[in-house]
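Q: Output the structure for:
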Amino acid sequence: MALSGCGSTSVGTERGTVSAPAASTGTTPPVPPPKAAPTGSGVTGSNDSVVSTASVAGSVSVAVGARQAINVVFTSSDGKPMTGFAVNGSLSSLPAGWSGPASFTCGAVAPGSGCVLTLTYAPMALASGTLMLNCVFVDNSNTPRTPGPCLMLSYAATAANNVVAAASQAGEVDTVIGAGAQALNVNFITDDGNPATALVLTTDLHSLPAGWSSSAGALTCPIVRVGNGCQLPLSYAPSAAANATLTLNYAYVDNSGASRSAAINIPYASVQVGTVVASTSPSGQVNAVETTGATSVAVSFTTIDGKSAANLALMTDLSSLPSGWSATSTAFGCAAVSTGNGCQLHLNYAPTALGSGTLTLRYVYTDASGAANTGLVNVAYAATTDDNVIATPSTSGEIDSTVGASQSVAVTFTTDDARAASGLQITSSLTALPPGWSSSATAFACVSVQSGSGCQLSLTYAPTAAGSGTLSLGFAYLNNAGEAKTGTLSVPYRATADDNVVSTANPLSVTATTGSSNPVTVTFTTDDGNLATALTADLSMLPADWSSASPTFSCNNVSTGSGCALALTYAPTAAANSTLSFTFGYTNNAGLTKTGTASLPYTASP
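A: Residues are numbered from 1 along each chain as shown. Next up, the predicted model:
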């Protein structure tokens, strides 16, 4: 959002002008839609006003509990330098949720002067309003201007998350005409760390303003979260004088499933020689695992055209950096700055607790023309946990089923610390599962993985033949630290038949004479050769003249052969014509408890 007209009763929006209320600090009614942009007379002392451009185009939207840094670039409406710029009043009386420096001043305000104010919005409750700041300055005719509104920014705290776009170079993109291209990356992340989806850049990259280009023909990101995985490369190489703003519009789906849109403002200008810019390595958001992780960050200061600047000094106190940040020294400066990494600040980010924020580094220097300038670089950072996705089947241990039956198995994916991972997908083929296994889906993916049963894969085990094995499913994801990880789910399974134990007597029938002794063997086997277990028989109630070595009989395992055989004796003392019959119990190959009956006809004669 760009505003002009400090010191008057008009306020500009997106480099346009609209009527505004009398100067005040706090919440005001929303800004009306912008009118046509003023051309600016460029005459010394006439209509020379401040133009402010916020890095967020339109309204600032931040999820409750999250935070977002907003850079506001101040420059002059006609490109001529102004002096004595200051935000009128204390910045400590901002609306609820807003914070910034206690005061803000700039010695010079003009294209390339590096006059950038960083504000942070971190709401704790749903709210909306308008932030207004008043400014004073001395115009280029050396006339002091009375306080007037120089920033009017509508804002809202939302329940769902928002995709935030941040340029790798904070503030204004400055380049000398004919000095080559200035590279810039725009990183898209979510303000609360949870994923959003279906981001698409709606601005046509083939119709950018003069001097701007991109190596990407378009930008789409299926998942947006942390890190620099969703990034747009840009380049600015002006061939003519410029002082304007590049606005990039994008759309996405937030974590509530709602379609949203937003935009980022990137002010740019062609400037004098020897302008110093700062770049960070790694670029984009700096991530580190809390307590156990650390990330080294190098901040390199160079001039955009290779001309030599001098007397660079860091204004930020390196002994009072945000929690987790440290520097090798308490002060930093360079007598000369040109190209290469001769002027480089080394920092370390080693968080001890979960959190996120923006580290702002301000610096002053003398450019190649001898003019005093200032600059700024913002480094977004986040402390994360090095979590893992775990897969849990609905049935623990071995999955057992009988041939011809069907069993449903649900595999639930969660994280081991209940914090969100993203971009999970099954890397194994769901159309080439082991025999008996099937899935209604040919592919499986989850945008977000956390706790509960929101990410669940349904499988079916319906074996057509006896057998056993292990189902293995590989999966990949991005953990809470934005790191790519993989995992494997292993599920042992067994298909069994609903078999039976049968008994066979030898001989098949007994014909005996009284006074004789006749041995009989009853062998137990399964009807399909598969294993049955825990066979028992009660022999305490055998018919008269029948006997066994023990009143009970048992076998741990029954399958084939003569491994489970019962020895009986028939010694008749009187004539008889009957059938020996007794029951036995067992557990079959399907794990079912069953019973059977052994029968043997017999006769006895004198």
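Q: Is residue 72 bridged to anything, and to what?
A: Note on residue 72: beta-bridge partners by DSSP bridges are residue 54, residue 117.
Q: got the contact list for it?
A: 52-55, 116-119, 151 (C-beta atoms under 8 Å, 6 or more residues apart in numbering). Using the backbone N, CA and C atoms, a C-beta is placed for each residue, glycine as well.
Q: Which parts of the stretch 201-350 of the chain are strands?
A: 212-213, 220-224, 231-236, 243-253, 259-270, 276-281, 286-289, 295-303, 309-314, 325-327, 333-337, 344-349 (DSSP state E, counting those that start in this stretch).
Q: Give the partner strands of the third one in its sheet and their orientations.
A: Translated: strand 231-236. Going by DSSP bridges, the partners of strand 231-236 are strand 182-190 (antiparallel), strand 212-213 (antiparallel).
Q: Which of those sits closest to residue 170?
A: Checking the strands paired with strand 231-236 against residue 170 by C-beta to C-beta gives strand 182-190 as the closest, at 10.7 Å.
Q: one step back: adding mean neighbour count and mean pLDDT as columns, could you present the strands of the stretch 201-350 of the chain in a markdown table?
A: Formatted as a markdown table, these follow (neighbours: other C-beta atoms under 10 Å; pLDDT from 0 to 100):
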| stretch | mean neighbour count | mean pLDDT |
| --- | --- | --- |
| strand 212-213 | 17 | 95 |
| strand 220-224 | 18 | 88 |
| strand 231-236 | 20 | 93 |
| strand 243-253 | 19 | 94 |
| strand 259-270 | 20 | 93 |
| strand 276-281 | 20 | 86 |
| strand 286-289 | 22 | 83 |
| strand 295-303 | 19 | 91 |
| strand 309-314 | 18 | 92 |
| strand 325-327 | 17 | 94 |
| strand 333-337 | 16 | 92 |
| strand 344-349 | 18 | 94 |
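Q: Go ahead and confirm residue 65 touches residue 124.
A: Yes: assessed by C-beta atoms under 8 Å, residue 65 is found in contact with residue 124 at 7.0 Å.
Q: who has more neighbours, these two?
A: Using other C-beta atoms under 10 Å as the criterion, residue 65 and residue 124 rank with residue 65 on top: 14 against 10.
Q: Tell me the confidence at the more buried one?
A: Residue 65 is assigned a predicted lDDT (pLDDT) of 86.
Q: That one: what secondary structure?
A: Here residue 65 takes the coil state, with states given by DSSP: H, G, I helix; E, B strand; the rest coil.
Q: Spatially nearest residue to it, not counting backbone neighbours?
A: residue 192 (6.6 Å; C-beta to C-beta, 6 or more residues apart in numbering).
Q: To residue 551, which of the strands of the stretch 201-350 of the chain lies closest?
A: strand 286-289 (68.4 Å).
Q: so what strands line up beside that closest one?
A: Here strand 286-289 has these sheet partners by DSSP bridges: strand 372-384 (parallel).
Q: which parts of the partner strand are buried?
A: By 16 or more other C-beta atoms under 10 Å, the buried positions in strand 372-384 come out as 373-384.
Q: Could you do stretch 524-533 as well?
A: 524-526, 528, 530, 532.
Q: What is the nearest of these to residue 61?
A: Out of the buried residues of stretch 524-533, the member with the shortest distance to residue 61 (by C-beta to C-beta) is residue 530, at 64.7 Å.
Q: Wait, that closest one touches residue 587, no?
A: No: in this structure, residue 530 is not within contact of residue 587 by C-beta under 8 Å, at 12.0 Å.
Q: CA-only coordinates of stretch 349-360, as CSV, when you get a sec.
A: The C-alpha trace of stretch 349-360 is given here as CSV (Å, rounded to 0.1, in the frame of the first residue of the first chain):
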residue,chain,number,x,y,z
TYR,A,349,20.6,-19.2,14.7
ALA,A,350,20.4,-21.8,17.5
PRO,A,351,16.9,-21.6,19.0
THR,A,352,16.2,-23.1,22.5
ALA,A,353,12.4,-22.9,22.1
LEU,A,354,9.8,-23.1,19.4
GLY,A,355,9.0,-19.7,17.8
SER,A,356,9.3,-17.5,14.8
GLY,A,357,10.0,-13.9,13.9
THR,A,358,12.0,-11.5,11.7
LEU,A,359,15.5,-10.3,12.4
THR,A,360,16.0,-6.7,11.1
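Q: what sits up against that stretch?
A: 67, 69, 118, 120, 170, 193, 286, 288, 290-291, 293-295, 297, 316, 321-326, 347, 376-385.
Q: Recalculate using a threshold of 6 Å.
A: Contacts to stretch 349-360, defined as C-beta atoms under 6 Å, 6 or more residues apart in numbering, come from residues 69, 118, 286, 288, 290-291, 294-295, 322, 324-325, 378-383.
Q: How about stretch 110-123?
A: Taking C-beta under 6 Å, 6+ apart as the rule, stretch 110-123 contacts 60, 62, 64, 67-76, 79, 81, 97-100, 104, 106, 109, 157, 171, 174, 243, 269, 271, 275, 360, 373-376.
Q: For stretch 429-441, buried residues please.
A: Under 16+ other C-beta under 10 Å, the buried positions of stretch 429-441 are 430, 433, 436-437, 439.
Q: so how far does it reach from one end to the other?
A: Separation of the first and last residues of stretch 429-441 by C-alpha to C-alpha, to the nearest Å is 10 Å.
Q: ok, the buried residues of stretch 524-533 vs residue 131, which is closest?
A: residue 530 (76.8 Å).
Q: what's the closest non-adjacent residue to the closest one?
A: residue 589 (4.1 Å).
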